[in-house]
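> from the sequence below, what's the structure:
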Amino acid sequence: MYAIPLGDDGARLCPLEPWQAAEFLAHIDRGREFIGRYNGLPDVVTDLASSRAYLASYAEKAAADTGRICGIRSDGTLVGAVILRTMDTAQGTAEAGCWLEPAAAGRGLVTRAARVLIDWAVEERGIHRVEWWVSSGNAPSIAVARRLGMTREGVLRQSYLYRGERHDQEIWSVLAPEWRAARDA
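Numbers count the residues shown, from 1 in each chain. Next comes the predicted model:
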């Protein structure tokens, strides 16, 4: 299937589909602790059936035009993903998200992949506002939001109960005109 180059280091953005459940589970297993610091995905994807179900839920979202998941590959190995967790084309809104396994962190892969996905959402699907919800303690994800040109809109104090602890969530966003201006600059 298609693969979009993310630079000249061999990284590519590719679709993730239910038939790739075993590979997806192996990826989550490699990064389970690292990914799970702020992301509940490792608590959801615990075996082959749950991996397939998770990817199937995104296949259904893609079919309904309400979300997307794309894998980040480095030298052919699945090392992370970017998602449109929600997408409402009638309202022109979407929420983007991401994760990486630890071996792939610090190389700009999420930023590059998110740029491709957000650009697609804005230009192809007419999304006007892309949000990025992030735990206030997740400095790497906040740095991605900044690199994407997003604006911090506020903090939802202790709004997210995760593994028995309440976390503040920051909401960042970029509007289509801002996205285009930054991209074209």
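> now do the helices in the chain.
Remark: helices assigned in the chain by DSSP state H are 21-35, 41-44, 48-64, 109-125, 139-147, 176-184.
> just the buried residues of the last one, please?
Looking back up the chat, that one is helix 176-184. Going by neighbour count (16 or more other Cβ atoms under 10 Å), the buried part of helix 176-184 is 176, 178, 179. For every residue, glycine as well, the C-beta is placed using N, CA and C.
> same question, the fifth one
Buried residues in helix 139-147, counting neighbours by 16+ other Cβ under 10 Å, are found at 141, 142, 144, 145.
> now that helix against helix 109-125, angle please.
Angle, helix 139-147 to helix 109-125, by axes from the mean of the first three to the mean of the last three Cα atoms, to 10 degrees: 40 degrees.
> got the contact list for residue 87?
Listed by Cβ atoms under 8 Å, 6 or more residues apart in numbering, the contact partners of residue 87 are 61, 65, 66, 67, 68, 93, 94, 95, 121, 125, 127.
> let me have the residues you listed in CSV, extended by neighbour count and distance to residue 170.
What follows is the contacts of residue 87, written out as CSV (neighbours: other Cβ atoms under 10 Å; distance: Cβ to Cβ, whole Å):
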residue, neighbour count, distance to residue 170
61, 18, 24
65, 12, 27
66, 16, 24
67, 19, 21
68, 22, 23
93, 16, 17
94, 26, 17
95, 18, 13
121, 24, 20
125, 14, 25
127, 23, 20
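> so which of the buried residues of helix 139-147 comes closest to residue 109?
residue 144 (10.0 Å; Cβ to Cβ).
> would you confirm that that closest one contacts residue 114?
Yes - using Cβ atoms under 8 Å, residue 144 is in contact with residue 114, at 6.5 Å.
> now for these two: what residues contact both?
What both residue 144 and residue 114 touch, as defined by Cβ under 8 Å, 6+ apart, is the set residue 98.
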